[in-house]
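take a look and give me a structure for this.
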Amino acid sequence: MATTFLSKLSKIFFLFAIYCALDPFKHSSISKYPDFQTYKIDMPPLSSLPKERDHENLLQNSEIKFLNEVQGPESIAFDPLGRGPYTGVADGRILFWDGTRWNDFAYTSNNRSELCATKSSLLAYLKDEHICGRPLGLRFHKRTGELYIADAYFGIMKVGPQGGLATSLTTEADGVPLRFTNDLDVDEEGNVYFTDSSSVFQRRNFMHLIVSGEDTGRVLKYNPETKETTTLLRNLQFPNGLSLGKDGSFFIFCEGSIGRLRKYWLKGEKAGTSEVVALLHGFPDNIRTNKDGDFWVAVHCHRNIFTHVMAHHPNVRKFFLKLPITVKFQYLLQVGGWPHAVAVKYTEDGKVLKVLEDKQGKVVKAVSEVEEKDGKLWMGSVLMSFIAVYDLP
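Numbers count the residues shown, from 1 in each chain. Below is the predicted model:
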């Protein structure tokens, strides 16, 4: 009896494996990508990840502001006069809160046709983002008041203090187009340091980038004097947020797929070199420096055993990707499960100072950026239609 059962089970498994290999009905999440490849992600052991937790779920004390008034506010910025917030939203606009209402401030695309009209779902914007633009990282130059923008499709741009249509600064480096410009920071001289998360996938396919683990990401520098863009680091797996240190001698950026913070030195004996300064609780997004020189990192959710196993076994991951499961579900599995916001404050040397969480995702379901201003944390997310504000004690 047992032998018969095992024989039937092995046949079923064999047929299932053939189905996954052939994907005859094109129901898998990678059916439209015949050349899709998965890559090993050298994720550190779960035992080495930070042990600090927020057992009180303090982020659940956040105030939800502007519900359904802003769709997918990735980055939060305040201008040199303290006005704002400013934020880029899913339809390609950059909005400005004047204290009473939201105003259109800037655009990265001159196409404001019906394609860019308000939609009911955040994911519905993805198919037209390359036309309407998708502003991600935002930074103001403290002296000039110009707003620098990392648009996922149009590269690095800037717009004057009065807003309007942004002008392009750079769209390629070393002959390779910027395909997924993600985050940036700008120094006093106007040098822009930024991340290009992939040379293969664009933002509208960010879920495929995450489940692939491919390593064509770069960290780059734009020089306003020479108009040249140079590659500082290459062969990265989903480089994401980037922020200059308080004294401008270095910047720290997030390595998304691996889940760690890396410091790149701009000045001093170590100039031109980089080092890992911290491992992260999970999949990071943006990073921002506060007035004290510490860094707030937005983390989508904690890693789990499944995520770790899939990272180290790309062939097994590809087998799962051949299952008739949506890419959204596959993405959730890869980042650690159902999204829940984690905000972590680090020193420049990678020491954990504070962890804030909403483990159940009851209030702050996801977070892309944490901006500290006047004793408050302003949190945006590309996955949500609100801004969460947390009062620091």
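
for the rest of this, base every contact and every neighbour count on C-alpha atoms.
Fine.

okay, helices next: where are they in the stretch 151-300 of the chain?
Taking DSSP state H, counting those that start in this stretch to define them, one finds helices in the stretch 151-300 of the chain at 206-212.

where does it dip in pLDDT?
In the prediction, the stretch 151-300 of the chain carries no residues with pLDDT under 70.

same thing but 90
Along the stretch 151-300 of the chain, segments meeting pLDDT under 90 span 300.

repeat that for the stretch 1-150 of the chain.
The stretch 1-150 of the chain contains residues with pLDDT under 90 at 1-35, 112-114, 118, 120-121, 123.

switch to 80 and redo it
Applying pLDDT under 80 to the stretch 1-150 of the chain flags the ranges 1-29.

look up how far Glu225 lies from the most centrally placed residue in the chain.
Centroid-nearest residue in the chain, with CA atoms, centre = their mean: Asp285, separated by 3.6 Å. From Asp285 across to Glu225, the span is 30 Å (CA to CA, to the nearest Å).

just Leu58 next, same as before
46 Å.

which of the two has more residues huddled nearby?
Shown here are Leu58 and Glu225; by other CA atoms under 10 Å, Leu58 has more neighbours (14 against 9).

ok, the more buried one - contacts?
Contacts for Leu58 (CA atoms under 8 Å, 6 or more residues apart in numbering) come out as Leu356, Glu357, Asp358.

the first one bridge partners, please.
Going back to what we said before, that points to Leu356. Leu356 has these beta-bridge partners by DSSP bridges: Ala343.

these two touch, right, it and Gln60?
No. Taking CA atoms under 8 Å as the definition, Leu356 is not a contact partner of Gln60, at 9.2 Å.

wait, is Tyr33 part of a strand?
No. Residue state for Tyr33 (DSSP: H, G, I helix; E, B strand; the rest coil) corresponds to coil; a strand is not indicated.

what's the local residue count around it?
9.

neighbours of Trp122, how many?
You called it Trp, but residue 122 is Leu. 17.

ok, Ser113 - how many residues close by?
Counted with other CA under 10 Å, residues neighbouring Ser113 total 9.

meant to ask about Lys318, not that
Neighbours of Lys318 under the rule other CA under 10 Å: 20.

all numbers from here: first residue = 59
New numbering, starting at 59: the last item is Lys376.

check what contacts the helix or strand containing it and list those residues.
According to DSSP states H and E, Lys376 maps onto helix 372-379. The contact list for helix 372-379 (CA under 8 Å, 6+ apart) reads 78-79, 86-88, 95-98, 269, 368-369, 385, 388.

hang on, the earlier thing: so how far is Phe212 from the residue nearest to the centre of the chain?
Note on Asp343: its distance to Phe212, by CA to CA, is 20 Å.

just grab the bridge partners of Glu230 for me.
Under the criterion DSSP bridges, Glu230 forms beta bridges with Pro235.

now do Tyr322
Going by DSSP bridges, Tyr322 is paired in beta bridges with Phe309, Ser332.

picking up where we left off before, just give me the closest of the contacts of helix 372-379 to Asp149.
The closest of the contacts of helix 372-379 to Asp149 turns out to be Val385 (CA to CA; 22.2 Å).

that closest one: neighbouring residues, count only.
Val385: 17 surrounding residues under other CA under 10 Å.

go ahead and confirm it touches Met265.
Yes. The pair Val385 / Met265 is scored as a contact, 6.7 Å apart, by CA under 8 Å.

give me the element Val447 is part of.
For Val447, the element it lies in under DSSP H and E is strand 445-449.

restricting to C-alpha, output that strand in CSV.
Below are the C-alpha coordinates for strand 445-449, written out as CSV (Å, rounded to 0.1, in the frame of the first residue of the first chain):
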residue,chain,number,x,y,z
ILE,A,445,2.0,59.5,4.3
ALA,A,446,2.5,58.2,7.8
VAL,A,447,3.9,60.6,10.5
TYR,A,448,5.4,59.3,13.8
ASP,A,449,6.2,61.6,16.7
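
tell me which other helices or strands that strand touches.
Applying 3 or more CA pairs under 8 Å, 6 or more residues apart in numbering; DSSP states H and E, one finds that strand 445-449 contacts strand 121-123, strand 434-438.

next structured bit after the first one?
Counting by DSSP H and E, the element after strand 121-123 in chain order, helix or strand, is strand 134-135.

that next one pairs with which strands, and in what direction?
Here strand 134-135 has these sheet partners by DSSP bridges: strand 144-146 (antiparallel).

hey, where'd the strands end up in the stretch 309-451 of the chain?
318-323, 332-337, 340-347, 353-360, 400-404, 410-415, 427-431, 434-438, 445-449 (DSSP state E, counting those that start in this stretch).
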